[in-house]
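>>> structure, please.
(one chain, ligands or ions: 1)
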Amino acid sequence: MASSDDLVRIVEVIEVAPSSNQFPTSAAEFTLPLTFFDTYWFKFSPVERLFFYPLPADSNPTFFNSEVLPKLKKSLSLTLLHFLPLAGNLIWPSPDAAKAVIRYTPNDAVSLTVAESDGDFNGLSGNEIINAIELHPLVPQLKASHDAVAITAIQITLFPNKGFCIGLTIHHTVLDGKSVMMFIKSWAYICTNQENYPLQLPSDLAPFFDRGVIKDPSGLDLFFLNQWLALTASDPKTRSLKVSQNLGRVSPNLVRTTFLLSHDNINKLRELVLSKWDKKKPIHLSTFVLAFAYTATCLVKARGGESERAVFMAFASDYRTRLDPSVPENYFGNCLGPHGQCVKAGDLMDENGVAFGAHMLSDEIKGLEKGGVLDGAKNKWSAVLDAIVKESGSMQMITVAGSPRFHVYGLNFGWGKPKKVEIVSVDRTGAISLAESRDGSGGVEIGLALEKHEMEIVASLFKF
Ligand SMILES: CC(C)(COP(=O)(O)OP(=O)(O)OC[C@H]1O[C@@H](n2cnc3c(N)ncnc32)[C@H](O)[C@@H]1OP(=O)(O)O)[C@@H](O)C(=O)NCCC(=O)NCCSC(=O)CC(=O)O
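Now for the predicted structure:
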């Protein structure tokens, strides 16, 4: 049988520069400093997203090459003009500099791989269980050396007569999920409107780059960076900008699939939790909380083992509106705070497990309403980072990537909305990925990558 790599042929690898007559061969060089929101993710695995698009049913065989690909390339170049740092690199400005920086010049470019696949488009973009590695040839790699690492890589893969897939790999030290979505939504917006160029981006997509809005009086930036560097202190390449190998392994036996929780399922879960709740105390039972708590109970049961064993449930929240003073909603970079608690597996395994998980998550989210979100950040954030980085066999980490709020299924480049979106990197991080349900009915999609035997148990539990 052909391996998944054999099914994908690279057609070309090109460099797409920000479209510009403004700076033909400018020698200008710009830098953005890393804030503590960035250094927190310093060696974290890049986030890899795939968007699968069917080709229009009535399109002719040359439609992709004559219409789709040229428009995607041109609009990418136009979009990068608004997002210059994405074409840049993370570098150390000098060998002994305390902090790395994002460096970009108008002559930088993003690597775009164009490929063609004989793989099964419908299978790869469906909700059946597949081998996790089958998606890997669709994911572009960031160019990385010890001294510099690219921030963005893009791959567009054609499945002839079926569809195409846009793969996007982004360095987590530079962007959070909201910023990635701002970029890709802008690309889709410009792609569908490129005849009208030059055009302004809508205000919610126009990026705000000024790092001055992130205040850091206690030096959290170096504190988190040094924590990462200490992890590799015995390595002569401690300051290597390659991502951590410890956070980047994929088991060959992983399978992945997507589970759906409908709006009705969510409501049932809400009723279940409320029936076990002291109604006098307010509780935050959003789709996010219920989907995360429910999935966590399935994952813990699938892992089995002692009820006393430790489970760490963690998630990131968007701090743009939660800081005092707040930062603009269109701040482009990282602005996430990590939250999490260590609990006992047994508490999630028993019949009140969903209610237990939901209460824990509700407490964390309600804590954000009180303000002072950075109080105690050094210790609280370090505890989450420690759990993520030092995850051992005995502690089960359950984290979340993506969000039901990102409206990923609204991403239309001009040929319809995606058939499927995936966060491939969850097979490195072990996170569950969340997205709003494709049909817009208020449900949620939950992407998982697990060992096959665990996936089978989760599939048997994920029933309503
Ligand atoms: C802390 C939270 C996770 C908690 O989420 P909740 O949904 O519980 O709570 P909430 O107060 O934000 O929302 C409560 C209700 O209002 C709705 N709501 C609020 N704001 C909304 C918005 N902007 N768009 C759409 N819906 C919105 C929610 O759907 C929910 O309704 P309902 O009850 O119907 O649900 C969230 O506030 C948050 O910060 N989300 C962003 C997380 C994030 O950025 N993750 C990406 C990490 S980076 C990453 O993972 C990598 C990557 O993605 O690239």
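
>>> list the buried ones in stretch 398-415?
Within stretch 398-415, the residues scored as buried using 16 or more other C-beta atoms under 10 Å are 398-406, 408-409, 411, 413-415. Where C-beta positions appear, they are placed from N, C-alpha and C, glycine not excepted.

>>> and for stretch 413-426?
Buried, per 16+ other C-beta under 10 Å, within stretch 413-426: 413-415, 417-426.

>>> any chance of these in a markdown table, plus distance to D176, secondary structure and pLDDT?
Listed next are these as a markdown table, based on distance: C-beta to C-beta, whole Å; DSSP: H, G, I helix; E, B strand; the rest coil; pLDDT from 0 to 100:
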| residue | distance to D176 | secondary structure | pLDDT |
| --- | --- | --- | --- |
| F413 | 23 | coil | 98 |
| G414 | 27 | coil | 97 |
| W415 | 28 | coil | 96 |
| K417 | 23 | coil | 97 |
| P418 | 21 | coil | 98 |
| K419 | 26 | coil | 98 |
| K420 | 23 | strand | 98 |
| V421 | 17 | strand | 98 |
| E422 | 18 | strand | 98 |
| I423 | 13 | strand | 98 |
| V424 | 17 | coil | 97 |
| S425 | 14 | coil | 95 |
| V426 | 16 | helix | 95 |
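
>>> the ligand: which of those residues is nearest?
I423 (6.6 Å; C-beta to the nearest ligand atom).

>>> the closest one contacts L448, correct?
No: contact criterion C-beta atoms under 8 Å: I423 and L448 do not qualify, at 10.6 Å.

>>> quick one: common contacting residues for those two?
Contact criterion C-beta atoms under 8 Å, 6 or more residues apart in numbering; residues shared by I423 and L448: S433.

>>> quick check: residues of this structure near the ligand?
Residues of the chain lying near the ligand by C-beta under 6 Å from any ligand atom: 47, 176-178, 180, 284, 286-289, 315-318, 336, 365, 401-403, 405.

>>> quick one: which of these sit in strands?
The strands, defined by DSSP state E, take in 47, 315-318, 336, 401-402 from these.

>>> what two of the residues you listed are the furthest from one another?
V47 and S317 (16.6 Å; C-beta to C-beta).

>>> neighbour-wise, which of these two wins?
Using other C-beta atoms under 10 Å as the criterion, V47 and S317 rank with V47 on top: 25 against 18.

>>> which residues does whatever residue of the stretch 1-150 of the chain ends up closest to the ligand bridge with?
Nearest residue of the stretch 1-150 of the chain to the ligand, counting by C-beta to the nearest ligand atom: V47, 3.9 Å away. Counting by DSSP bridges, V47 forms beta bridges with I170.

>>> contacting residues around it?
V47 sits next to 169-170, 172, 175, 177, 180, 401, 423, 425 when contact means C-beta under 8 Å, 6+ apart.

>>> as CSV, these with distance to E436 would be great.
Output for the contacts of V47, formatted as CSV (distance: C-beta to C-beta, whole Å):
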residue, distance to E436
T169, 22
I170, 20
H172, 22
L175, 20
G177, 13
V180, 16
A401, 14
I423, 14
S425, 19
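
>>> which one of those residues sits closest to the ligand?
Nearest member of those to the ligand, counting by C-beta to the nearest ligand atom, is G177, at 2.5 Å.

>>> so the closest one makes contact with F406?
Yes: with contact defined as C-beta under 8 Å, G177 reaches F406; the gap is 6.3 Å.

>>> the stretch 351-464 of the chain: helices as residue ranges?
Remark: helices assigned in the stretch 351-464 of the chain by DSSP state H, counting those that start in this stretch are 353-369, 377-389, 426-429, 452-461.

>>> of all the ones you listed, which lies closest to F36?
Using C-beta to C-beta, the helices of the stretch 351-464 of the chain put helix 377-389 closest to F36, at 7.9 Å.

>>> who does that closest one touch, helix- and strand-wise?
Packing partners of helix 377-389 (3 or more C-beta pairs under 8 Å, 6 or more residues apart in numbering; DSSP states H and E): helix 220-231, strand 310-318, strand 336-344, strand 395-398.

>>> tell me how far the closest residue to Q200 other than its chain neighbours lies from I151.
In space, and not counting its chain neighbours, Q200 is closest to A206: 7.4 Å by C-beta to C-beta, 6 or more residues apart in numbering. Distance of A206 to I151, given as C-beta to C-beta, to the nearest Å: 19 Å.

>>> who has more neighbours out of these two?
Comparing A206 with I151 by neighbour count (other C-beta under 10 Å), the higher total belongs to I151, at 25 against 14.

>>> ok, that one touching G88?
Yes: contact criterion C-beta under 8 Å: I151 and G88 qualify, at 5.9 Å.

>>> need the residues touching each of these two.
Common neighbours of I151 and G88 (C-beta under 8 Å, 6+ apart) are I102.

>>> now stretch 450-460: buried residues?
Judged by neighbour count (16+ other C-beta under 10 Å), stretch 450-460 contains these buried residues: 450, 454-455, 457-459.

>>> let me know the outermost residue of the chain.
What lies farthest from the middle of the chain is K280; by C-alpha atoms, centre = their mean that is 36.5 Å.
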